[in-house]
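> here is the input, now give the coordinates:
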Amino acid sequence: MAVESDSEDNRSLRPRSVMITGASSGIGRACALRLDRAGWQVFATVRKDEDGLRLTNDASPRLRTILLDVTEPDQIAAAAHTVSEHVGGDGLHALVNNAGIAAGGLVEYLDPEELRRVFETNTIAPLSVSRRLIPLLRRARGRIVMISSIAGFSSTPLLSPYCASKFALEALTDGMRLELKPWGIEVVSVQPGAIKTEIWNKARAYVDGELRKYPPKAFEKYGPLLDRMAESLEKPKGVPADEVARTVETALTVAKPKARYLVGRDALFRSWIESLPTSLRDRLILSRMPKYGTEITGPADELQETGQKDISQ
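Here you go, the predicted structure:
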């Protein structure tokens, strides 16, 4: 009996464990370092060895990095196996699904293949990672935090692909929260507004690439709107990533976490906007957009020119 008691005491002294995806930069990195400082055993996933090295240089020896592309099932399985070997029978106390990509553009010129790519990373990947780790989370009666966005409840012009992926993530999160509750697994959505992270530098490069694909007619029709988008990416605003990390820590440690946490004043404002009647909501958003819209003739010729694919297939 004494040996069993010692074993139980040792387990109780072990740090809580958490796996965080997309920890190379931004919110994921901030979460990894914050939880590491708080004494957690952190398993931080990165895409490149050099990203992992930079992270470990700033962390305690407890933090472990794992190479992971969240869109690759074999890599997800390998990462789950690595975590399982380290946590053993204690299970995993938390999973933070953070990895994601920004995407935008005009719906009229949206390539369905691009939409699939965005969903693969922002929606399907968090589901795939969660499914692999649920058995470990069940042992510890752990928690899952989905890093969503205000885009998960408020769709805006030029961000429809990103918003669609986050809307879908919210639906999956709601389903998981209810299905896993009987095992004591809490599932939480963190919904930041604009955040000062590397993702917007990547978004700027992405938008530049997408704009080069557009035909001249697109700029004739949407020129002012596209200009406004480019300007907004040149001067990104937002709160520091550590503010999101602080919210994540709260969601992981508070006795009874909320289903959703908004982060940032713009998130609160957007939540209020969405509480309005749709017609009023639309008028408010349109009033802040530049004026555009001209008569365009020859839609059949234009369709041939743009080379758009038939999305009904």
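
> surely Ala99 and Glu72 touch.
No: Ala99 lies out of contact with Glu72 (CB atoms under 8 Å); the separation is 11.7 Å. The way it works is simple: take the backbone N, C-alpha and C, and place the C-beta from them, glycine included.

> the two: who's more crowded?
Looking at Ala99 and Glu72 with other CB atoms under 10 Å, you find the greater number of neighbours at Ala99, namely 25 against 13.

> what about the more buried one, distance to Leu92?
Here Ala99 is placed at a distance of 17 Å from Leu92 (CB to CB, to the nearest Å).

> what of Asn98?
Distance, Asn98 to Leu92, by CB to CB: 16 Å.

> where do the helices sit along the chain?
For the chain, the helices defined by DSSP state H cover 2-13, 26-37, 49-57, 73-87, 112-119, 125-140, 160-180, 199-213, 216-234, 241-253, 265-274, 278-287, 299-306.

> roughly how far out does the fourth one sit from the chain middle?
It stands for helix 73-87. In terms of CA atoms, centre = their mean, to the nearest Å, the centre of helix 73-87 is found 21 Å from the chain centre.

> packing partners of it?
Here helix 73-87 touches strand 17-20, strand 41-46, strand 64-67, helix 125-140, going by 3 or more CB pairs under 8 Å, 6 or more residues apart in numbering; DSSP states H and E.

> columns mean pLDDT, distance to Phe153 and mean neighbour count on top of the helices of the chain, output as JSON lines?
Converted to JSON lines, the helices of the chain look like this (pLDDT from 0 to 100; distance: least, CB to CB, whole Å; neighbours: other CB atoms under 10 Å):
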{"stretch": "helix 2-13", "mean pLDDT": "40", "distance to Phe153": "39", "mean neighbour count": "9"}
{"stretch": "helix 26-37", "mean pLDDT": "97", "distance to Phe153": "18", "mean neighbour count": "25"}
{"stretch": "helix 49-57", "mean pLDDT": "96", "distance to Phe153": "31", "mean neighbour count": "15"}
{"stretch": "helix 73-87", "mean pLDDT": "98", "distance to Phe153": "27", "mean neighbour count": "16"}
{"stretch": "helix 112-119", "mean pLDDT": "94", "distance to Phe153": "17", "mean neighbour count": "15"}
{"stretch": "helix 125-140", "mean pLDDT": "98", "distance to Phe153": "17", "mean neighbour count": "20"}
{"stretch": "helix 160-180", "mean pLDDT": "97", "distance to Phe153": "7", "mean neighbour count": "19"}
{"stretch": "helix 199-213", "mean pLDDT": "66", "distance to Phe153": "19", "mean neighbour count": "15"}
{"stretch": "helix 216-234", "mean pLDDT": "79", "distance to Phe153": "20", "mean neighbour count": "15"}
{"stretch": "helix 241-253", "mean pLDDT": "97", "distance to Phe153": "16", "mean neighbour count": "21"}
{"stretch": "helix 265-274", "mean pLDDT": "92", "distance to Phe153": "6", "mean neighbour count": "15"}
{"stretch": "helix 278-287", "mean pLDDT": "91", "distance to Phe153": "12", "mean neighbour count": "10"}
{"stretch": "helix 299-306", "mean pLDDT": "50", "distance to Phe153": "31", "mean neighbour count": "11"}
